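fold the following, please.
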Amino acid sequence: MHKTKFNFFKSSNTTFNLVILTVLFLLNSCKNEINVAAPWKETLIVYGLLDPATSVNYIRIQKAYLDPNSNAIKFASINDSIYAEKLDVKLYVKLNGNTIDTIFPEYINGDIEGIKKDSGLFSNSPNYLYKITEPIKASRLSPNPEDYTYQLEVYDKKTGYKCSSNTTTTGYLEPLSPVTNNITPITINSKVGTYITIGYREGRNVKTYDMIIRFWYKEYDIKTPSDTQTKYIDWVLFKNRPTTSLRGYELKITSIESNIFYELLNYSLNADSDIKRIPMYCDVEFYGAGEDLYTYIQVNLPSVGIIQKKPEYTNISNGLGLFSSRYITAFRKIPISAEMKSQLKNSDYTKSLNF
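The predicted structure follows:
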């Protein structure tokens, strides 16, 4: 099944850590007697994406350092080696440059809240995070320009180490088509030469957008109709589509051949006379990325030329990682029109799929 996911937080075994570990492994295996390792230096790796559209946000803060007297592969699996103790973490909230509030994120174990860290070289349990329950304020253009900047300050009381970063939040995307704030049934046409129109006004401080339509359906074997499974297929309409400007509220309209959706279903699902499928509804989701997040993604795209070395990107002062903003504008459980249900049943692309 073709699925696309834009969940930044699950990339917890960071590129920076892996690069450091690879270098250390090579250095430790070298037989030269010259000590090429630098003196021990404390460094924190910070990852956080503030999303005004969600009720809870998280920041991950871990240690990364070069210790000439230890094996990096060994200490990476030890919990105490990757998490710093007694960190003082603050977020200063600024409106158009003026501080209006201070947030103190809560130190929590993500395992308890159902946020699992991917397994790998690094210890993955417990999964310590800094939790923000205060609403993140979205920047906006009207009625008056409001830019909310969140300044992150991290201080290790035990060692005196400090690192910092800041991000200006992204703003709300106003949908115009194929959905609006007033939800009405959606229709995706199967006929060749027809189009689905995508229209919206861009959010403030958004650099790029991804968009998907997630089609939900039920599936069961006619021999066991009570054993029903709920599934979905993601239609990615575009990725990394640049905005007109960071100002926001610029109108963007584009058209995409709608029969591509039916071709996707034909490619993704197996025709089986024993399998019955029932269309349910669609989700329409726009993923808006802030400027620093966009830059981080671009820097980490796969290399396609002879030169494979990538530049290191970080916006953490005296540290490594990324602190940026995103805005996920999502419309859930949009009804499927009777016309679309008919086309799912009778289209040449999908009539063998038993919708």
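
so F261 sits in a helix?
Yes: assessed with DSSP: H, G, I helix; E, B strand; the rest coil, F261 lies in a helix.

wait, isn't it in contact with I188?
Yes: with contacts counted by CB atoms under 8 Å, F261 reaches I188, the gap being 5.0 Å. Bear in mind the C-beta positions are built from the backbone N, C-alpha and C, glycine included.

so between the two, which is more surrounded?
The residue with more neighbours, out of F261 and I188, is F261; 25 against 22, by other CB atoms under 10 Å.

wait, what's in contact with the more buried one?
By CB atoms under 8 Å, 6 or more residues apart in numbering, F261 lies in contact with I188, S190, I196, I213, F215, W235.

which ones among those residues are found in strands?
Taking DSSP state E, the ones among the contacts of F261 that sit in strands are I196, I213, F215, W235.

got a PyMOL select line for the buried ones in those?
Provided next is the PyMOL selection string for whichever of the ones in strands among the contacts of F261 are buried by 16 or more other CB atoms under 10 Å:
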select buried, resi 196+213+215+235
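
mind putting the ones in strands among the contacts of F261 into a markdown table with distance to N109?
Shown next, in a markdown table, are these (distance: CB to CB, whole Å):
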| residue | distance to N109 |
| --- | --- |
| I196 | 44 |
| I213 | 36 |
| F215 | 36 |
| W235 | 37 |
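
just to revisit the earlier point, and which of the contacts of F261 is nearest to D227?
Lowest distance from D227 to the contacts of F261 (CB to CB) belongs to F215, with 21.2 Å.

which residues does the closest one bridge with?
Note on F215: beta-bridge partners by DSSP bridges are I233, C282.

so who does it touch?
Y232, I233, D234, W235, F261, L265, P279, C282.

gap between it and T133?
Remark: distance between F215 and T133 (CB to CB, to the nearest Å) = 33 Å.

mind listing what's buried in stretch 43-60?
Using 16+ other CB under 10 Å as the test for burial, stretch 43-60 gives 43-54, 57-60.

just the helices in the chain please.
Counting by DSSP state H, one finds helices in the chain at the ranges 15-29, 72-76, 79-82, 259-268, 291-299, 338-346.

so for the fourth one, mean pLDDT?
Taken as a whole, helix 259-268 has a mean pLDDT of 97.

ok now it, how far from the chain's centre?
Distance, stretch centre to chain centre, for helix 259-268: 25 Å (CA atoms, centre = their mean, to the nearest Å).

now that helix and helix 338-346, what's the angle there?
Angle of helix 259-268 versus helix 338-346, following axes from the mean of the first three to the mean of the last three CA atoms, to 10 degrees, is 40 degrees.

my guess is W216 meets T230, correct?
Yes: between W216 and T230 there is a contact under CB under 8 Å: 6.7 Å.

okay, these two: which has more neighbours?
W216 (18 against 10).

which residues are in contact with that one?
T230, K231, Y232, P279, M280, Y281, C282, D283.

next, count neighbours for L129.
The number of residues packed near L129 is 25, by other CB under 10 Å.

what pLDDT does it get?
94.

partner residues bridging it?
For L129, the beta-bridge partners under DSSP bridges are I108.

what's the separation between it and I260?
Using CB to CB, one obtains 39 Å as the distance from L129 to I260.

what's the answer for Y47, then?
34 Å.

quick one on the thing from earlier: any shared contact partners between W216 and T230?
Residues touching both W216 and T230 (CB under 8 Å, 6+ apart) are M280.

and of the buried residues of stretch 43-60, the nearest to I108?
Y58 (8.4 Å).

isn't that closest one right next to Y128, touching?
No: with contacts counted by CB under 8 Å, Y58 stays clear of Y128, the gap being 10.3 Å.

shared neighbours, the two?
In contact with both Y58 and Y128: G110, using CB under 8 Å, 6+ apart.

quick one on the thing from earlier: so which of the buried residues of stretch 43-60 sit within strands?
Counting by DSSP E, the buried residues of stretch 43-60 contribute L44, I45, V46, Y47, G48, L49, L50, N57, Y58, I59, R60 to strands.
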